[in-house]
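# quick one, fold the following:
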Amino acid sequence: MSELRVPLERLQRPEPLRIWNADFDASLLRDGDDPLRVGDVTVTGGKSIRVELILDQVREGVVAAGIVSTTWNGDCSRCLRPVEGIATAEVEELFEEHPREGESYLLHEEFIDLEPMVRDAILLELPVGVVRCVLAEDCADLSPEYLKDMEDEVDSEGSPAADPRWAPLQALIFEEEEDQRDT
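Residues are numbered from 1 along each chain as shown. This next block holds a predicted model:
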């Protein structure tokens with residue numbers, strides 16, 4: 001994975017080469033056969049990942065700062081059609097010989113391996129939860145008449161009808177609410 005290994009000798013020259021730009025296929029970051037994934041959102045092979053970094057030697061090791069970006073795919077949670085978006089992460093990470101878990105990355109003797117940082121940055125930027133089409137009109141399954149009918153539905157008390165999927169949550173009683181009922 002040479003695209004993600006930066007030789008340290010670049011930073012040790014009289015005029016260091018501090019800028020590192022790379023475009024590579026997302027399949028290089030696969031974990032076994034699995035693509036980068038958070039829920040139903042994935043970054044599949046064939047998608048390009050762009051890394052634009054400036055590398056600086058500091059007392060503790062090397063700091064990599066810049067931008068990591070790629071395109072992700074998912075399904076609209078309304079109409080289930082494919083949705084595509086861009087994940088862009090601003091990074092500023094320390095690479096050191098003795099990394100602290102969750103705080104820095106391993107600095108090898110002859111190179112910086114950017115793969116773990118790039119993987120973490122992308123996974124943290126992928127959308128979690130509901131993914132929708134860019135425009136509500138894109139969801140052909142939900143015509144304006146259907147949406148209006150949903151809004152107009154009311155229960156026996158005259159309140160908007162509750163979504164049955166959330167009924168178990170509405171039945172929950174928290175300690176604060178219980179205290180208020182008792183007074």
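# next SSE after the least confident helix or strand in the chain by mean pLDDT?
Counting by mean pLDDT, DSSP states H and E, the weakest-scoring helix or strand in the chain turns out to be helix 144-152, with a mean of 53. Per DSSP states H and E, the first helix or strand lying C-terminal to helix 144-152 is helix 167-170.
# so which bits of that next one are buried?
Across helix 167-170, burial judged by 16 or more other Cβ atoms under 10 Å covers no residue at all. In this view, the C-beta of every residue, glycine as well, is placed from N, C-alpha and C.
# just stretch 56-75 next, same as before
G61, V62, V63, A64, G66, V68, S69, T70, T71, W72, N73, G74.
# any idea which of the residues you listed is the one closest to E97?
Using Cβ to Cβ, G61 comes nearest to E97 of the buried residues of stretch 56-75, at 6.6 Å.
# quick check: closest non-adjacent residue to the closest one.
E96 (3.6 Å; Cβ to Cβ, 6 or more residues apart in numbering).
# quick one: neighbours of that neighbour, just the number.
By other Cβ atoms under 10 Å, 17 other residues sit near E96.
# equivalent analysis for L4, please.
Count around L4 with other Cβ under 10 Å applied: 21.
# that one and V41: what is the separation?
22 Å (Cβ to Cβ, to the nearest Å).
# and F24, by the same measure?
20 Å.
# now L80
14 Å.
# same thing with V83?
For V83, the distance to V41 - Cβ to Cβ - is 9 Å.
# shared neighbours of those two, anything?
Contact with both V83 and V41 is made by residues N73, G74, V131, according to Cβ atoms under 8 Å, 6 or more residues apart in numbering.
# and those residues as TSV, adding secondary structure and pLDDT?
Shown next, in TSV, are those (DSSP: H, G, I helix; E, B strand; the rest coil; pLDDT from 0 to 100):
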residue	secondary structure	pLDDT
N73	strand	89
G74	strand	88
V131	coil	73
